[in-house]
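Peer 1: pasting the sequence and the predicted model now:
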Amino acid sequence: MSQKLLIIVTLTVLLMAACSQGEDQSVNSSSSTITNTGSDTIVNLALAWAEQYQKEHPNVQISVTGGGSGTGINSLLSGTTDIANASRAMKDEEKATATKNGFTPQEFVIARDAIGVIVNPENPVKELTLEQISKIYKCEINNWSELGGEDRPIVRLSRESNSGTHVYFLETVIRLGNKEDKSIFCPKTLLLPSSEGIIAEVRDNPNAIGYDGLGYITSEVKVMGIAKKASMPYVIPSEITANDGTYPISRNLFMYTRGKPKGVIADYINWIVSPEGQSIVTELGFIPIKGK
Amino acid sequence: MFKSNPIRTDRNVTYIIKIAGYSCILFLALIFFFLLRNGIPALKDTGLAKLFQTIWYPTEGYFGILPLLFGSLLVTFTAVLIALPFGVGTAVFISEIAPHAMKEFLKPLVEILAGMPSVVLGFIGIVVLVPFMQKTFNLPTGLAALTGAILLGLIAIPTIVSIAEDALNAVPQSYRQAAIAMGATRWQTIWGVTVPAARTGILTAIMLGIGRTLGETMAVMMVTGNAAVMPEGLNALIQPVRTMTATIASEMGEVATGSAHYAVLFFIGIVLFIFSLVINIFASWVSTRGRKRSERILS
């Protein structure tokens, strides 16, 4: 009796599984889905691209999520996403994992980004050298008065360590590009989970200093002029200064795919680097790549 | 086929219910096994000496979990200190003082509060509480342990109220009538009779509140600043902290499966698991011990 019941239940489950599989396949043949995960810096840009692309290609569905560059690359490695967005280049160990998983990640530069160092508009300090910023984040400078500002403690803000912006800032600014340097953000640095969190805190707190991609910086905060060395001119980040190399903290933004992209994915990435895709880059405050 | 005799149906239903009951134990065991299997390698690869250090910067191999441990304890302890008087006070009010109509209205309200997603509270925290704390106490930043503790207190209060109120309600009406008959005022009745009689239930409520606070992640991550600083003295309350839960939540997505960092995050999970296990065991010990004593007094 109970055996009979078991058999019937098993058969029903199998039948249902078979049916749902069949349905999935029929959906796949009429439209295609691209999943796109990664860098929070790129997420708004990726959303804007996806929206425009879907408008032009109604049979393609693109789902975009953030989470950080590390998260995106990990999803690519484990096969849960088609395209990973990253605001840093892939690390060697990540490439090794990819090889182990049986594919070679393909890298695409899809835009450029300048990282602005921001403070509260009430803060009178308006220019810093890279070395000064490095010392601030290493807790060697602890009061704004040491930089010609008011007598206020410095509150350091950063993105979490899974953010590509965090890693880039560590290597380029805190370690001043020196690979031997092993210094890190001092423990007093506040690690905030989102770009918006950093902007909100800098807007409300005259003690704070933070950094963020140019596309996220609003007019409620003040962008610092940065000089490579004290003897060199202080430069405000913009499309021009980032592309001619005078602004010292700018970087490439990447997309990665599992091996050479095919079909819709290839078409989507080609469209992104085309002039049409790149015009959206400018709209969102990022810097378009030059058509080389 | 279900037309078979009732005894058989009865037996089958009993089986199903038994399976449901045992599966709970099975899941707990599986979760614990999973945590151990992924977390124990941390002891081997990283080692206890390196784990109990004071610097947490895992991407460069600093795996000191002490600041996270103390961060969690500091925030939890302060939150409970805040939630305790409000929680128990509200429970006493609802159960003993409020008129019937108000009681009928307040009880569901508290339950709605208990179901409020913590992200929403965290959002309110960022927009309202953080700037408020910074201006009021003239802090370097409003993203501090105390801000997190206040929010967590708000999260723990409904849990405490709901369970403590049930415990107070369970006190037989004859106790109150006897106290009033002997000339006790309302306050004397509450303080001397009702609350002591419901003591075990109230203690359980507090323990569950602590458990809720310790495990809370999202709201804490949004308002405590997440700086892995070792708390030093009372000042630590107004400084940023990083809790164990926030660390796991924000770093788990990034780590490569099987790496040292991955194992250490699971190790933190084990520590959290042990903490809440101890709290739960203590809570059940308190309630059973108390019941025996009250039974003794009654007989």
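Peer 2: Cool, got the structure. Numbering: from 1, shown residues only, chains lettered A, B, ... in the order given.
Peer 1: and residue 38, how many neighbours?
Peer 2: By default, I'm working from chain A. By other Cβ atoms under 10 Å in any protein chain shown, the residues close to A:G38 number 31. (Each C-beta comes from the backbone N, C-alpha and C, glycine too.)
Peer 1: that's the wrong chain, I meant chain B
Peer 2: B:N38: 18 neighbours (other Cβ under 10 Å).
Peer 1: so which strand or helix has it?
Peer 2: Here B:N38, judged by DSSP states H and E, is contained in helix B:6-45.
Peer 1: what is that helix packed up against?
Peer 2: Contacts defined by 3 or more Cβ pairs under 8 Å, 6 or more residues apart in numbering or on different chains; DSSP states H and E place helix B:6-45 against helix B:260-298.
Peer 1: let me know the angle separating the helix it packs on from helix B:6-45.
Peer 2: Relative orientation of helix B:260-298 versus helix B:6-45 (axes from the mean of the first three to the mean of the last three Cα atoms, to 10 degrees): 130 degrees.
Peer 1: for helix B:260-298, packing partners?
Peer 2: Counting contacts by 3+ Cβ pairs under 8 Å, 6+ apart, helix B:260-298 is packed against helix B:6-45, strand B:62-63, helix B:66-92, helix B:199-215, helix B:244-251.
Peer 1: relative to the whole chain's centre, how far out is it?
Peer 2: The chain centroid and the centroid of helix B:260-298 are separated by 11 Å under Cα atoms, centre = their mean, to the nearest Å.
Peer 1: repeat that for stretch A:151-162.
Peer 2: Averaging C-alpha positions (Cα atoms, centre = their mean) puts stretch A:151-162 19 Å from its chain's average.
Peer 1: in that stretch, what's buried?
Peer 2: Neighbour counts over stretch A:151-162 (16 or more other Cβ atoms under 10 Å in any protein chain shown) mark A:R152, A:I154, A:V155, A:R156, A:L157, A:S158, A:R159, A:E160, A:S161, A:N162 as buried.
Peer 1: one more: stretch B:65-85?
Peer 2: B:65-76, B:78-80, B:82-84.
Peer 1: and it, does that touch chain A?
Peer 2: Yes - Stretch B:65-85 reaches chain A (Cβ under 8 Å from any Cβ of the partner chain) through B:P67.
Peer 1: what average pLDDT does that stretch get?
Peer 2: Throughout stretch B:65-85, pLDDT has a mean value of 93.
Peer 1: before we move on, what about stretch A:283-292?
Peer 2: For stretch A:283-292, the per-residue pLDDT averages 76.
Peer 1: stretch A:237-247 too?
Peer 2: Stretch A:237-247 comes out at a mean pLDDT of 86.
Peer 1: got a list of what B:F137 touches?
Peer 2: Taking Cβ atoms under 8 Å, 6 or more residues apart in numbering or on different chains as the criterion, B:F137 is in contact with B:I238.
Peer 1: and the gap between it and B:L154?
Peer 2: Look at B:F137 and B:L154: by Cβ to Cβ, to the nearest Å, they are 18 Å apart.
Peer 1: could I get the full set of strands for chain A?
Peer 2: Here chain A has its strands, by DSSP state E, at A:32-38, A:60-67, A:83-86, A:105-119, A:127-129, A:155-159, A:190-192, A:208-213, A:222-223, A:225-227, A:250-258.
Peer 1: so where is the chain shaky, pLDDT-wise?
Peer 2: No chain in the question, so chain A it is. A:1-30, A:291-292 (pLDDT under 70).
Peer 1: please refer instead to chain B.
Peer 2: Applying pLDDT under 70 to chain B picks out residues B:1-4, B:254, B:290-299.
Peer 1: what about A:Q61, neighbour count?
Peer 2: Neighbour count for A:Q61, taken as other Cβ under 10 Å: 14.
Peer 1: list the beta-bridge partners for it.
Peer 2: Note on A:Q61: beta-bridge partners A:T33, judged by DSSP bridges.
Peer 1: what residues are up against B:A263?
Peer 2: Contacts for B:A263 (Cβ under 8 Å, 6+ apart) come out as B:N38, B:G39, B:I40, B:P41, B:A42, B:D45, B:T46.
Peer 1: do that again at 10 Å, thanks
Peer 2: Taking Cβ atoms under 10 Å, 6 or more residues apart in numbering or on different chains as the contact definition, B:A263 lies against B:R37, B:N38, B:G39, B:I40, B:P41, B:A42, B:L43, B:K44, B:D45, B:T46, B:F63, B:V255.
Peer 1: ok, A:G245 next?
Peer 2: By Cβ under 10 Å, 6+ apart, the residues touching A:G245 are A:V235.
Peer 1: about what we covered before: so how far is the helix holding B:N38 from its chain's centroid?
Peer 2: Counting by Cα atoms, centre = their mean, helix B:6-45 is centred 23 Å from the centre of its parent chain.
Peer 1: with stretch A:35-52 instead?
Peer 2: Distance of stretch A:35-52 from the chain centroid (Cα atoms, centre = their mean) equals 9 Å.
Peer 1: pull out the buried residues from it.
Peer 2: Going by 16+ other Cβ under 10 Å, stretch A:35-52 has these buried residues: A:35-50, A:52.
Peer 1: number of nearby residues for A:G277?
Peer 2: Using other Cβ under 10 Å, A:G277 has 21 neighbouring residues.
Peer 1: that one contacts A:M255, doesn't it?
Peer 2: No - the criterion here is Cβ atoms under 10 Å, and A:G277 misses it with A:M255 at 11.3 Å.
Peer 1: overlap in contacts, those two.
Peer 2: Common neighbours of A:G277 and A:M255 (Cβ under 10 Å, 6+ apart) are A:W49, A:I110, A:A111, A:Y268, A:I269.
Peer 1: so what's the third one up against?
Peer 2: The one in question is A:A111. A:41-42, A:45, A:49, A:87, A:215, A:252-255, A:272-273, A:277-278, A:280-282, A:284, A:286-289.
Peer 1: end to end, how far does stretch A:238-246 reach?
Peer 2: Taking Cα to Cα, to the nearest Å, the first and last residues of stretch A:238-246 lie 10 Å apart.
Peer 1: one step back: give me the buried subset of the contacts of A:A111.
Peer 2: Burial by neighbour count, 16+ other Cβ under 10 Å: within those this picks out A:41-42, A:45, A:49, A:87, A:215, A:252-255, A:272-273, A:277-278, A:280-281, A:284, A:286-289.
Peer 1: just the ones of the residues you listed in helices?
Peer 2: Among the buried ones among the contacts of A:A111, the residues falling in helices (DSSP state H) are A:T41, A:I42, A:L45, A:W49, A:I272, A:V273, A:G277, A:Q278, A:I280, A:V281.
Peer 1: including distance to chain B, could these go into a markdown table?
Peer 2: Shown next, in a markdown table, are those (distance: Cβ to the nearest Cβ, whole Å):
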| residue | distance to chain B |
| --- | --- |
| A:T41 | 15 |
| A:I42 | 16 |
| A:L45 | 20 |
| A:W49 | 23 |
| A:I272 | 24 |
| A:V273 | 27 |
| A:G277 | 27 |
| A:Q278 | 29 |
| A:I280 | 27 |
| A:V281 | 26 |
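Peer 1: separation between the closest residue to A:G215 other than its chain neighbours and chain B?
Peer 2: Leaving out its chain neighbours, the residue that sits closest to A:G215 by Cβ to Cβ, 6 or more residues apart in numbering or on different chains is A:G285, at 3.9 Å. Look at A:G285 and chain B: by Cβ to the nearest Cβ, to the nearest Å, they are 23 Å apart.
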